[in-house]
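[1] I would like the atomic coordinates for the input below:
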Amino acid sequence: MRTVQELETAGVAALMIEDTLLPRTFGEKKPTVISLEEGVGKMKAALAAREDKALTIIGRTSSPSITGLADGIRRLKAYEAAGVDALFIAGGLTRSDLDAIAAEVKIPLMLGGISGDLQDKDYLASRGVRVALQGHQPFSAAVKAIYDTLKALREGTKPSALTGIASSETMARLTREGDYKSWTEKFLG
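    Next comes the predicted model:
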């Protein structure tokens, strides 16, 4: 409850409450989920702590991939009944898993890590999925770009000869250059 209150005070728009046993025990290969009763209790405590109804509270579970689809659906339905605003399912799901889940719950779904035949946006939307995380590839791509750029510079490539560099227009847009110029004129000019 305290975490929810502090995050809400800090202005967080949404948060997840999960049913994974944390911290994981040393050497644990696969995460463990807490009891359903404790999971429901955590959801209810988070909801009771919320003062601003605009704060979105998402119930998160990995149970379909840990304890099986039936237990996963049981948990998702219980978290929905507790009053969470959305449900996050971590771990790999198949299309038939998602079909079964979507048939049982009515609030928005979020998926953590989609692949294979779950990459069809229209299909996902028809099953109530509103957010589908697609892995960490953008971060990995950024790390590779930074590595390749620094390596090229270390090996003697001149900065003007680097490839894959964002244009000045892209940089200006992404760094909100126009906002900063207008603020500088407004407040310092």
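[2] ok, which stretches of this protein are strands?
    For the chain, strands defined by DSSP state E occupy the ranges 14-18, 56-61, 86-90, 109-112, 129-133.
[3] wait, which of these is closest to Phe187?
    When those are compared by Cβ to Cβ, strand 14-18 sits nearest Phe187, at 31.6 Å. Every residue, glycine included, has its C-beta placed from N, CA and C.
[4] specify the residue ranges that define each domain of the protein.
    2-135, 142-188 (automatic domain parsing).
[5] export the ones you listed as CSV, with columns for mean pLDDT and mean neighbour count.
    Converted to CSV, the domains of the chain look like this (pLDDT from 0 to 100; neighbours: other Cβ atoms under 10 Å):
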stretch, mean pLDDT, mean neighbour count
domain 2-135, 94, 16
domain 142-188, 95, 10
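[6] need the longest helix for this structure.
    The longest helix of the chain (DSSP state H) is helix 137-154.
[7] which neighbouring elements make contact with that helix?
    Helix 137-154 is packed against no helix or strand, with contacts defined by 3 or more Cβ pairs under 8 Å, 6 or more residues apart in numbering; DSSP states H and E.
[8] can you tell me what sits against that helix?
    Contacts to helix 137-154, defined as Cβ atoms under 8 Å, 6 or more residues apart in numbering, come from residues 159, 162, 164.
[9] same thing but 10 Å
    Helix 137-154 is contacted from outside by 136, 157-159, 161-166, using Cβ atoms under 10 Å, 6 or more residues apart in numbering.
[10] again, but for stretch 65-78
    Stretch 65-78 has contacts (Cβ under 10 Å, 6+ apart) with 19-20, 30-34, 36-37, 39-40, 43, 59, 61-64, 84, 87-94, 96-97, 100-101, 103-107, 109, 112.
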